[in-house]
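Visitor: pasting the sequence and the predicted coordinates here, then a few questions.
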Protein chains: 2
Amino acid sequence: MKPVQGTPAKPKSSARQAVGELRRLIFEGELSAGSNHLESELADRLNMSRTPVREAVLMLEAQGLLEVRPRKGVRILPVSADDMREIYDVVTELESLAAESAAKAGYTNDDLTLLSETITAMDNALSREDREAWAEADDRFHAELVRLGRNSRIQSIVAMLADQVRRARALTLYLRPLPLKSNEDHRAVLDAIQRGDAATARRIHHAHRTHARGVIIELLERHRLHNL
Amino acid sequence: MKPVQGTPAKPKSSARQAVGELRRLIFEGELSAGSNHLESELADRLNMSRTPVREAVLMLEAQGLLEVRPRKGVRILPVSADDMREIYDVVTELESLAAESAAKAGYTNDDLTLLSETITAMDNALSREDREAWAEADDRFHAELVRLGRNSRIQSIVAMLADQVRRARALTLYLRPLPLKSNEDHRAVLDAIQRGDAATARRIHHAHRTHARGVIIELLERHRLHNL
DNA sequence: GCATTTATTTGCGTATGCATTAATCAATGC
DNA sequence: GCATTGATTAATGCATACGCAAATAAATGC
């Protein structure tokens, strides 16, 4: 069996560095949703000229994180509850397919070590009530699941959308009860993959994501978190 | 019910013009898969300076049509049978979801006029054995179906991937029998949407795309069309 | 005081120049 | 003859410059 490979990280150029920096600034809220920023302003902030910033902005626009509006500045796109619905629908379908494919791939327990570890990490985080750690491990679970699905298009699409989901989850992380039951699903999915039961892997994961979607949407709407 | 809207076309700048031109050159085979091209060469070809070309290339890279390899030139990405498998898997899932959503949306016959027309157009094209016209109408059917699904993320993802599918289909269009049966599926999907039968719409469309996937992959492999 | 026109500012899109650095080629040593 | 190292070339990545057009401010007419 061929080794499963992730996305090879491209080397450092100012432009790619700018991509990373801008993403960080967006996720940390330094650049808040809806806010406008001139290219020159961002260039100053990142200590580089307009050119690489501009290139970075173009790439981020292609990924749907922001929007360039000539003479208005680049606008960090707010993520509404409706957006989150759309995003979750896509992620749900593609991850479920990945789970199905992973189950069909006939992985050995060894191949599934990483996935299994993330579940353990979530258990640990939950017992400590460490939500941040849980979220981080949950991200790793989903990323690893998608990786095991062995479809590079799905990997990059989901990775892109996961960025947006992360923004919304950051807001709601402390607004909801600890996701104690969620790990049952994770284990069930892992188990189905181990058994090669593709239909079950798909079904459980689909239900899992659909449930998560409902929770987050409800929170966003209840707390009027319509932007970001 | 709110009107369904497509993607508004952005105005023309040299960079966006370059995006369009480069895409055209790629689809028409002027820039063949696997070939390398220097930025300066492309700039000459498009009669503009390197800057807008560079920006266009960056955007196209983000869309997965090409790859920039410093000092090697930009490389038009070949699309292998394996790539096509990946692409079809994604498109199948997302379009099927769109069909399901469309069925749930409760569209009137009026809303479905466009979709219906594409089916008629395919029938006409088939009776004339006009494969090009059939392909064009088929594209319209799928685009319209996705539009009716009302998920802008799905729309842009599928549109992106459809570009790649089109490249492969161009090669195989004359290598296979006329897709006489395919329109049965289209009608069945339309019918299910009209009836609001989401499960059927999804199921039929999924099977339809899965079948298409099999046909095209088989052709690509049988004719050793491993690149482009 | 309001509207319309004119002037001014300013951000963007593109062009161009330059330094960096990878790739190629030459030359020398073994 | 082959390999290793040094020199040369050349494409990229970034900075900078500039003109245009849009947005804003000012000014004039009513």
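Guide: Noted; the coordinates are in hand.
Visitor: hey, let's count contacts and neighbours off CA atoms from now on
Guide: OK.
Visitor: hang on, isn't residue A:15 packed against residue A:60?
Guide: No: using CA atoms under 8 Å, residue A:15 is not in contact with residue A:60, being 11.0 Å away.
Visitor: now the lowest-mean-pLDDT helix or strand in chain A, how far from the chain's geometric center?
Guide: Sorting the helices and strands of chain A by mean pLDDT, DSSP states H and E puts helix A:152-172 at the bottom, at a mean of 92. How far helix A:152-172 lies from its chain's middle: 2 Å, per CA atoms, centre = their mean, to the nearest Å.
Visitor: helices along chain A, start to end?
Guide: In chain A, the helices defined using DSSP state H lie at A:14-27, A:39-46, A:50-62, A:81-104, A:113-127, A:131-148, A:152-172, A:182-195, A:198-222.
Visitor: and these: which comes nearest DNA strand C?
Guide: Among the helices of chain A, the nearest to DNA strand C by CA to the nearest atom of the strand is helix A:39-46 (4.2 Å).
Visitor: sketch out the low-pLDDT regions of chain A for me.
Guide: A:1-11, A:227-228 (pLDDT under 70).
Visitor: give me the residue at the spatial middle of it.
Guide: Taking CA atoms, centre = their mean, the centroid of chain A lies closest to residue A:162, which sits 1.7 Å from it.
Visitor: from residue B:85, how far out is that residue?
Guide: 23 Å (CA to CA, to the nearest Å).
Visitor: same check on residue A:84?
Guide: 28 Å.
Visitor: higher neighbour count, the two?
Guide: residue A:84 (21 against 17; other CA atoms under 10 Å in any protein chain shown).
Visitor: pretty sure the more buried one sits against residue A:163.
Guide: No: the criterion here is CA under 8 Å, and residue A:84 misses it with residue A:163 at 11.5 Å.
Visitor: and the angle from the least confident helix or strand of chain A to helix A:14-27?
Guide: 40 degrees (axes from the mean of the first three to the mean of the last three CA atoms, to 10 degrees).
Visitor: residues in contact with the residue of chain A positioned farthest from its centre?
Guide: The centre of chain A is farthest from one residue, residue A:71, which by CA atoms, centre = their mean lies 31.0 Å away. By CA atoms under 8 Å, 6 or more residues apart in numbering or on different chains, residue A:71 lies in contact with residue A:38.
Visitor: likewise for residue A:140?
Guide: Applying CA under 8 Å, 6+ apart, the residues contacting residue A:140 are A:115, A:118.
Visitor: of all the residues in chain A, which ones are close to chain B?
Guide: Neighbours of chain B within chain A, by CA under 8 Å from any CA of the partner chain: A:55, A:58-59, A:62-63, A:86-87, A:90, A:93-94, A:97, A:151-154.
Visitor: now for the residues you listed, which pair is the farthest apart?
Guide: A:55 and A:97 (33.3 Å; CA to CA).
Visitor: give me the more crowded residue out of the two.
Guide: Neighbour count, other CA under 10 Å: between residue A:55 and residue A:97, residue A:97 has more, with 26 against 21.
Visitor: which residue, neighbours along the chain excluded, lies closest to the more buried one?
Guide: In space, and not counting its chain neighbours, residue A:97 is closest to residue A:202: 6.4 Å by CA to CA, 6 or more residues apart in numbering or on different chains.
Visitor: thought that neighbour was touching residue A:96?
Guide: Yes: Residue A:202 lies in contact with residue A:96 (CA under 8 Å); the separation is 4.8 Å.
Visitor: is it true that residue A:185 touches residue A:206?
Guide: No: counting by CA under 8 Å, residue A:185 does not reach residue A:206; the two are 10.0 Å apart.
Visitor: near DNA strand D, which residues of chain A?
Guide: A:13-16, A:47-52, A:71-72 (CA under 7 Å from any atom of the strand).
Visitor: and the residue in chain A positioned nearest to DNA strand D, what does it touch?
Guide: Distances between chain A and DNA strand D by CA to the nearest atom of the strand are smallest at residue A:14, namely 2.8 Å. Contacts for residue A:14 (CA under 8 Å, 6+ apart) come out as A:48, A:52.
Visitor: for it, give its distance to residue A:54.
Guide: 11 Å.
Visitor: now do residue A:88
Guide: Residue A:88 is 30 Å from residue A:54, by CA to CA.
Visitor: more crowded one of these two?
Guide: Each of residue A:88 and residue A:54 has its neighbours counted (other CA under 10 Å); residue A:88 has more, 24 against 21.
Visitor: thought the more buried one was touching residue A:213?
Guide: Yes: using CA under 8 Å, residue A:88 is in contact with residue A:213, at 6.1 Å.
Visitor: ok, now which ones touch residue A:155?
Guide: Neighbours of residue A:155 in contact, by CA under 8 Å, 6+ apart: A:143, A:146-147.
Visitor: no no, residue A:90
Guide: Applying CA under 8 Å, 6+ apart, the residues near residue A:90 are B:94, B:153-154.
Visitor: export these as CSV, with columns for distance to chain A and neighbour count.
Guide: Listed next are the contacts of residue A:90 as CSV, based on distance: CA to the nearest CA, whole Å; neighbours: other CA atoms under 10 Å in any protein chain shown:
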residue, distance to chain A, neighbour count
B:94, 7, 27
B:153, 7, 17
B:154, 7, 22
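Visitor: which of these sits closest to residue A:29?
Guide: residue B:153 (23.2 Å).
Visitor: would you confirm that the closest one contacts residue A:89?
Guide: No: with contact defined as CA under 8 Å, residue B:153 does not reach residue A:89; the gap is 9.4 Å.
Visitor: thought residue A:138 was touching residue A:120?
Guide: No: counting by CA under 8 Å, residue A:138 stays clear of residue A:120, with 10.4 Å between them.
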